[in-house]
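K.L.:
what follows is a predicted structure for the sequence shown.
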Amino acid sequence: MAYLAIFYFYPLIKILTVSFIPDEAWGPGNLKKLVTSGIYLRTLWFTTWQAVVSTILTLLLALPGAYVFARYQFWGKTLLRSFTTVPFVLPTVVVAAAFYSLLGPHGLVNAGLMKWFHLTSPPVTIDQTIALILIAHVFYNYTVVLRIVGGYWSRLEPGLMESAKMLGASPGKAFFKVTLPLLSPAILAASLLVFIFCFSSFGVVLILGGPRFATIEVEIYRQAIHLFNLPMAAVLSLVQILFTFALMWVYTRLQRSRSMPLKPASRAVTQKKAVGGIDRLILGANVGFMIFFLGLPMFSLIIQSVTSETGVSLGFYKNLFENTTESVFFVPPADAVFYSLGFALAALLIALTLGVPAAVFLAGQASAAGIPGAQHTIDFIHQHEEIAVEERDDRSQ
């Protein structure tokens, strides 16, 4: 409670204070400006609709991949699953840099097209456009849908679909009437997470969108850093917090009303090898799309890092350890890496020191109070233990 009071409630109270009492005098002027000014309304509208479109595109592109991971066994599956996670754990600034190196004016695609077709200007001009922002959001959040929906889908008994088909349902009707309702909790959870990530997008929009586009977080940054308008930045932060709480409240309510108890099936039953032509086509198309869509931006970033005006060069890597500007304010990238690791390790230790005792305390309180959610969590853990035992037995056989 002391930790929450110092590091959570105190900053939140300060945000409220700066929002409503900027000059030590009560006044809703900033809130009124937020509602009446067209600039802030357009920022809020853009933040919302781009998050909705990004979520829809991510679902459409990632659901086929989730089906492949849920229903097929193939060589390199574990490695591919790890590979698809890389974009999500990358900082958003690195994701933006990767797409800039691929599709920017001097990116890999434009440089290749200009060289091959002897062009004088870049033919692909989607830099600082909404299209590039949406593509980057899908790239960043693809694995969220893949893991959440794919993991849930892999535990659904395929016999349910077969039973529906035997009762006269077409494959499409069986999917929409049986599989999709069972998948709705996982799809909903993944959709809300992707929406929250895109709604609070900062690095991708700031770098790839340029000055034309701004989400609420980008506008908070501009108001606080560029304009030093702390009251307006605080008001926008408050709006961001309220939206986040509202989304989590909706998620909790829908999860309680839509979720249903299921006994997970062993993956030895739910997954198969691609033996037919259709299965191989579905598997190959999805695996190829993952490697191409998720790997090409990172590959272009690697190519750009070893390419100079004179050709292939490792000069940029040499500069990691040098202060080429000879400025006292310059930090060599190698030192920055060690600082980042140090900060991450310190944050990890603090989070474990504070979080583990709090989790144990809350779990004990919930169990003692007989809260249904605690028993559901225990049952969920037991089900996963049963699945692990079944998979171990299958491998030994």
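P.N.:
Now that the structure is in, tell me what you want to look at.

K.L.:
ok, now which ones touch residue 179?
P.N.:
By C-beta atoms under 8 Å, 6 or more residues apart in numbering, residue 179 lies in contact with 153, 156, 160-161. The C-beta positions use only the backbone N, C-alpha and C, and glycine is treated the same way.

K.L.:
using the three-state scheme, assign it.
P.N.:
Here residue 179 is recorded as helix under DSSP: H, G, I helix; E, B strand; the rest coil.

K.L.:
from residue 272, how far out is it?
P.N.:
For residue 179, the distance to residue 272 equals 16 Å [C-beta to C-beta, to the nearest Å].

K.L.:
re the thing from before, filter the contacts of residue 179 down to the ones in strands?
P.N.:
If you go by DSSP state E, those have nothing in strands.

K.L.:
quick one, which of those residues are buried?
P.N.:
The neighbour-count test (16 or more other C-beta atoms under 10 Å) applied to these identifies 153, 156, 161 as buried.

K.L.:
can I assume the second one is in contact with residue 185?
P.N.:
In this case it means residue 156. No. Using C-beta atoms under 8 Å, residue 156 is not in contact with residue 185; the gap is 11.5 Å.

K.L.:
which residues of the stretch 1-150 of the chain fall in helices?
P.N.:
2-4, 10-20, 29-36, 38-71, 77-89, 92-103, 108-116, 130-153 (DSSP state H, counting those that start in this stretch).

K.L.:
rebuild the ones you listed as JSON lines, extending it with distance to residue 295.
P.N.:
Output for the helices of the stretch 1-150 of the chain, formatted as JSON lines (distance: least, C-beta to C-beta, whole Å):
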{"stretch": "helix 2-4", "distance to residue 295": "41"}
{"stretch": "helix 10-20", "distance to residue 295": "40"}
{"stretch": "helix 29-36", "distance to residue 295": "42"}
{"stretch": "helix 38-71", "distance to residue 295": "14"}
{"stretch": "helix 77-89", "distance to residue 295": "7"}
{"stretch": "helix 92-103", "distance to residue 295": "10"}
{"stretch": "helix 108-116", "distance to residue 295": "13"}
{"stretch": "helix 130-153", "distance to residue 295": "10"}
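
K.L.:
out of those, the one nearest residue 196 is which?
P.N.:
With C-beta to C-beta as the criterion, residue 196 lies closest to helix 38-71 of the helices of the stretch 1-150 of the chain, at 8.1 Å.

K.L.:
list phi and psi for residue 272.
P.N.:
phi -140, psi 170 (degrees, to the nearest 10).

K.L.:
just give me the neighbour total for the residue nearest to residue 107 when sequence neighbours are not counted.
P.N.:
In this structure, residue 107 finds its nearest non-sequential neighbour in residue 101, 5.4 Å apart by C-beta to C-beta, 6 or more residues apart in numbering. Using other C-beta atoms under 10 Å, residue 101 has 23 other residues around it.
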